[in-house]
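1. 3D, please:
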Amino acid sequence: MLNPITGHLGHLPRDTRDTLFLLVVIAWVVTMQLGHIPWWCTALAFGILAWRTVLTWRGAPLPGWIPRLVLLALTLGATWMTHGTILGRDAGVTLIVVLLALKTLEMRARRDAFVVFFLAFFTLLTHFFYSQSLLTAVGILLALLGLLTALVNAHMPVGRPPLRRVAGIAVGMAALGLPVMLVLFLLFPRMAPLWGVPGSDTLGRSGLSDEMRVGEIAELVLNDEIAFRVRFDGEVPPQGMLYFRGPVLGDFDGVRWRPQRSAFPPAMALPVDLEVEGDPVRYEVTLEPQRRPWLFVLEATEQAPDLPDLRPGMTRDLQWVTRRPIQEMVRYRAQSHVSFRYGPREAMLGLQDYLELPPGFNPRTLALAEELRREHGAGPDAAPAALAAVIERLRTGGYTYTLEPGVYGQHAADEFWFDRREGFCEHIAASFVILMRAMDIPARVVTGYQGGEVNAVDGYWVVRQRDAHAWAEVWLRGQGWVRVDPTAAVAQWRIGSLDRLRPPPGALAGLVGVLDPTLLAQVRAFWDAVNNRWNQWVLNYTQGRQLQLLERLGFSAPRWTDLLYALLAVLVLASLAGAAWQLWERAQHDPWLRLLDRARRELARRGLPDTGHLPPRALAERAGRHFGATPFGHALQDWLLRLERWRYGRGSGESLATLREQFRRLPWPARKTR
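-> Numbering: from 1, shown residues only. I've put the predicted structure just below:
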């Protein structure tokens, strides 16, 4: 039975059908931007597209310039109110999405359709401002094929070509462009993309920042995005030893923790004095774009990661940073020692920075510190006993790890130690460091990532934003800075277990709950592995890897200009190959037909009209009437008949080369002049 909807669509006028198809493709282009444009932009764009669809379906006239001008003015005003400007990436994307929808309201002719096509192509490019993931690439590919189908359809104005055939032509065009795309991908000099800057609110998302505001986040939403991947060369250290170091925070104003800005002169800065022990752990890191100059390596890394383009350097806090923010995926090799010592071994004046506490905050914590001082002593000499006492208090005092501790007040450490007794790693580490400082023990907060999970499909360790962690470092005489993770005393599973934090179930949890959890885990691992391959082969194909490709091709010390030379050489070779193929194709045509066609052209130049596609015998008869009983007429007729026998008879005993030479030696009369 015929589907009434399909049947009705099949009998729509050609212009109506093509316009509806184009509107569907544009709707898909806009849908891909849903997570990056304001809600009003989404509503306005889809409202305009729905309006245009109704007008097309009914065959109603398009609106005049006044409604379009009003909508444009509203768009400009709303963009200004949302972004504070009409320039820049986010404001520009917002405007172009609405302008694309508005342009469909004045699409009356093919010229207007072509403008919509190319505006949609440009809008597709803006998706890469926000994401270059595999899913984004697949979505853009579908939109690209849809736009190519609409474009090819617009160039076929006659008749009613079925969309399936037009789509086949579009796919064929895209396939023909694949070699060009591959060459440009391999050799065109790579440039860094543009990226956005994340916002912040009271609903936190796990991840790292250059400051820590303890107590202002009521609920921590686990971010399941991948921070980086690690591939170990040999044996993997125990999960409890996988600490990837990030920013070190030592300056505390009562609310915020920031990197320490010492009041002492540089000559009094604390020395690094890094000493490593044992065999190094060698590994490779694939770091996602983060808009920060941080390189994450296992503690502790003595040698700079292999990333010469970014010139990484180590701070005195043992953190590796680059000379510019990382705005594209990078891959680097490093080697670390999980057993190490660093920092001054004896007391120095610079350690005073890590004893500072702002006045007027956390009085009960200060009182607890005074009580512990009386019991265990104060200062670095009493640090081991005091440290053990605080860890035991965390382990046995009823403290718990939670992602929903609520908003803390002014005295966040007091609330943690005495009232709520719960929090996530930032609360625990910050409260621990405050207590240590109150006991005259230098301490600071270290942030980074801890642990991760291995992907059974490709063997990579995947470290996600949910694995962001905060721990503490205390200074001990004769040992320097020593890592202390107070969260491990509260929730050991958070540190050393594979049963780690998981994001809350989404809206489809009830639907997928009936599936086998093992199957879901395998699907997830497979998808992560596929994404990793996309990252390794496509997104991480940097200029450094391009230069490595040139080295394998024989270039010595290649530079980016050599990429252009190689690209130019490929283009020249491709042009020569195309010319050679054209010559070869011409040579493959029937040489007998080419010789007959040559005879027709020469006779036309001598005044024989309307030869058309006459066969040799008919051509001989017409030439006899035209040239008469002349030596040339007789010779030409004889030659044409022998040419016919060569093709259709049993053979004239002459080769085609002989006939070609005889044709050249005919007593040709002079050519007719115009």
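
2. can you pull out the strands in the stretch 201-350 of the chain?
-> Assigned by DSSP state E, counting those that start in this stretch, the strands in the stretch 201-350 of the chain fall at 203-205, 212-213, 219-221, 226-232, 243-249, 251-252, 256-258, 275-277, 281-287, 294-295, 313-314, 320-321, 330-336, 339-341.

3. Quick one: mean pLDDT over the third one.
-> Taken as a whole, strand 219-221 has a mean pLDDT of 54.

4. Tell me the helices and strands packed up against the longest helix anywhere in the chain.
-> In the chain, with assignment by DSSP state H, the single longest helix is helix 560-588. Packed against helix 560-588 by the contact rule (3 or more CB pairs under 8 Å, 6 or more residues apart in numbering; DSSP states H and E) you find helix 163-187, helix 543-552. Every residue, glycine included, has its C-beta placed from N, CA and C.

5. what about whatever helix or strand comes next after it, average pLDDT?
-> Per DSSP states H and E, the first helix or strand lying C-terminal to helix 560-588 is helix 591-605. For helix 591-605, the mean pLDDT works out to 82.

6. Then stretch 61-80?
-> 84.

7. what distance separates it from the centre of its chain?
-> When distances are taken as CA atoms, centre = their mean, to the nearest Å, stretch 61-80 is centred 34 Å away from the chain's centroid.

8. follow-up on the earlier one: can you mark which positions in the longest helix of the chain are buried?
-> Going by neighbour count (16 or more other CB atoms under 10 Å), the buried part of helix 560-588 is Asp562, Leu563, Ala566, Leu567, Val570.

9. cool, stretch 356-363 as well?
-> Leu357, Phe361, Asn362.

10. low-scoring stretches of the stretch 1-150 of the chain, by residue?
-> 1-11 (pLDDT under 70).

11. Asp15: neighbour count?
-> Per other CB atoms under 10 Å, the neighbour tally for Asp15 reads 12.

12. Can you list phi and psi of Glu422 for me?
-> With angles defined as degrees, to the nearest 10, Glu422 sits at phi -150, psi 160.

13. Would you confirm that it contacts Gly397?
-> No. Counting by CB atoms under 8 Å, Glu422 does not reach Gly397; the two are 11.3 Å apart.

14. for the buried residues of helix 560-588, which one is nearest Ala385?
-> Minimum distance to Ala385 across the buried residues of helix 560-588 is 62.7 Å, recorded for Leu563 (CB to CB).

15. For that closest one, give me the pLDDT.
-> We have a pLDDT of 71 for Leu563.

16. In the stretch 401-550 of the chain, where is pLDDT below threshold?
-> By pLDDT under 70, the low-scoring segments of the stretch 401-550 of the chain are 494-522, 524-525, 531-533, 535-548.

17. before we move on, back to that, rebuild the helices and strands packed on helix 560-588 as JSON lines, extending it with distance to Glu302 and mean neighbour count.
-> As requested, the helices and strands packed on helix 560-588 are arranged in JSON lines below (distance: least, CB to CB, whole Å; neighbours: other CB atoms under 10 Å):
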{"stretch": "helix 163-187", "distance to Glu302": "36", "mean neighbour count": "13"}
{"stretch": "helix 543-552", "distance to Glu302": "23", "mean neighbour count": "16"}
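
18. Those: which one's closest to Gly578?
-> Comparison of the helices and strands packed on helix 560-588 against Gly578 by CB to CB identifies helix 163-187 as nearest, at 11.5 Å.

19. Between helix 560-588 and the closest one, find me the angle.
-> With axes from the mean of the first three to the mean of the last three CA atoms, to 10 degrees defining the directions, helix 163-187 sits at 130 degrees from helix 560-588.

20. which residues are in contact with stretch 608-621?
-> Residues outside stretch 608-621 that contact it (CB atoms under 8 Å, 6 or more residues apart in numbering) are 596, 599-600, 603-604, 622-623, 626-627, 636-637, 640-641, 643-644, 647.

21. where along the stretch 351-500 of the chain do the helices fall?
-> With DSSP state H, counting those that start in this stretch, the ranges of helices along the stretch 351-500 of the chain come out as 363-376, 383-396, 412-414, 425-438, 486-490, 493-496.

22. Which strands and helices lie in contact with the first one?
-> Yep, that's helix 363-376 we're talking about. helix 383-396, helix 412-414, helix 425-438.
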